[in-house]
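K.L.:
Provided below are the primary sequence and the corresponding predicted coordinates.
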Amino acid sequence: MDRGSSSARSNAAQDLHDQGVVLIHVLSIYPTQIRLLELVRELSGGSGDFAERDRIERAVRDLAGAGLLFRCEGLVLPTRAALQFHQILNDEEAGAL
């Protein structure tokens, strides 16, 4: 098996995990507004590690590109689509109990 292929899959899995962590965090604090720098600080535990900050910033960028987050003047907010999906999941979980 090609090592590059395996590495690409593991990178993609890590990216999806990071996106999930970021999206869940932003949705869980909504309607509180958060700045990107604060989000990075909260999710990295205040770590000064470049790789950790970069992973979070990349996740925000990818989620914004997918239409799930909105960035404006340093703020990171969930879009209406993300909020609607979150509501659907919450209603579905409540009904399953």
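P.N.:
Structure received.

K.L.:
Please enumerate the helices of this structure.
P.N.:
3-29, 36-44, 50-65, 80-96 (DSSP state H).

K.L.:
and the last one, what does it pack onto?
P.N.:
Contacts defined by 3 or more CB pairs under 8 Å, 6 or more residues apart in numbering; DSSP states H and E place helix 80-96 against helix 3-29. Glycine gets a C-beta too; all of them are placed from N, C-alpha and C.

K.L.:
what comes up buried for the helix it packs on?
P.N.:
Judged by neighbour count (16 or more other CB atoms under 10 Å), helix 3-29 contains these buried residues: 18, 19, 22, 23, 25, 26, 27.

K.L.:
Touching, residue 40 and residue 57? I think so.
P.N.:
Yes. Using CB atoms under 8 Å, residue 40 is in contact with residue 57, at 6.6 Å.

K.L.:
between the two, who's got more neighbours?
P.N.:
Using other CB atoms under 10 Å, the more surrounded residue of residue 40 and residue 57 is residue 40, with 21 against 16.

K.L.:
who touches the spatially most central residue of the chain in this structure?
P.N.:
Using CA atoms, centre = their mean, the residue of the chain that lies closest to the mean C-alpha position is residue 22, 2.4 Å off. Contact analysis of residue 22 by CB atoms under 8 Å, 6 or more residues apart in numbering lists 39, 43, 56, 59, 60, 63, 69.

K.L.:
Which residue or residues pair with the last one through a beta bridge?
P.N.:
Translated: residue 69. Residue 69 has these beta-bridge partners by DSSP bridges: residue 78.

K.L.:
isn't it right up against residue 60?
P.N.:
Yes. Judged on CB under 8 Å, residue 69 makes contact with residue 60 at a distance of 6.0 Å.

K.L.:
Identify the contacts common to these two.
P.N.:
Common neighbours of residue 69 and residue 60 (CB under 8 Å, 6+ apart) are 22, 76.
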